[in-house]
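Trainee: missing the sequence, but the structure's below:
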């Protein structure tokens, strides 16, 4: 079975670069299954895990939004943030989740921008907690 190069890049560093069999990611239009030979495309990513398959090995990565670019022999994920379960500080993620929930529940004097930031912070915290816990 053929493979393709997967690179996951954040503004800070190259997080992952290996040959893989397939990946599953969540774009804005829904789930994307990428196999070798996939048609080239670029699409935004939701705040959600990416699942990586390489032989019998499976990995997941908490992605904090970004873009995926599928080329003929390479897939590049340009992510705002990317963390493997072993790198997630789950206590910090739970604290961030609680802060975001408090901000969302106290809607007084909160403009639309602050509300949206709190929603995104909540999504990122829940994503990190879910990736850590599976």
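Mentor: Now that the structure is in, tell me what you want to look at. Not measured: the values here are computed from a predicted model. Numbering: from 1, shown residues only.
Trainee: where do the strands sit along the protein?
Mentor: 4-9, 14-20, 22-27, 30-34, 41-54, 57-70, 74-79, 82-83 (DSSP state E).
Trainee: which one of those has the most crowded surroundings?
Mentor: Per-stretch averages of neighbours, counted by mean count of other C-beta atoms under 10 Å, single out strand 82-83 among the strands of the chain, with a mean of 22. (Glycine included, C-beta is placed from N, CA and C.)
Trainee: just for this structure, where's the confidence low?
Mentor: Low-confidence segments of the chain, defined by pLDDT under 70, are located at 1, 107-113, 134.
Trainee: mind naming the longest helix for it?
Mentor: The longest helix of the chain (DSSP state H) is helix 112-133.
Trainee: other SSEs contacting that helix?
Mentor: Helix 112-133 sits against strand 41-54, strand 57-70, helix 90-105, with contacts defined as 3 or more C-beta pairs under 8 Å, 6 or more residues apart in numbering; DSSP states H and E.
Trainee: what angle separates the first one from strand 14-20?
Mentor: Looking back up the chat, that one is strand 41-54. Here strand 41-54 points in a direction 70 degrees away from that of strand 14-20 (axes from the mean of the first three to the mean of the last three C-alpha atoms, to 10 degrees).
Trainee: name every strand pairing with strand 41-54 and say which way it goes.
Mentor: Each strand that pairs with strand 41-54, with its direction, by DSSP bridges: strand 22-27 (antiparallel), strand 57-70 (antiparallel).
Trainee: who wins for proximity to residue 125 among those strands?
Mentor: Across the strands paired with strand 41-54, residue 125 has its closest neighbour in strand 57-70 (9.9 Å, C-beta to C-beta).
Trainee: please compute how far the closest one lies from its chain's middle.
Mentor: 5 Å (C-alpha atoms, centre = their mean, to the nearest Å).
Trainee: tilt between that strand and strand 4-9?
Mentor: What separates the directions of strand 57-70 and strand 4-9 is an angle of 80 degrees, with the same axes, to 10 degrees.
Trainee: tell me the angle strand 57-70 makes with helix 90-105.
Mentor: 50 degrees.
Trainee: need the contact list for residue 79.
Mentor: By C-beta atoms under 8 Å, 6 or more residues apart in numbering, residue 79 lies in contact with 8, 9, 10, 15, 45, 63, 64, 65, 66.
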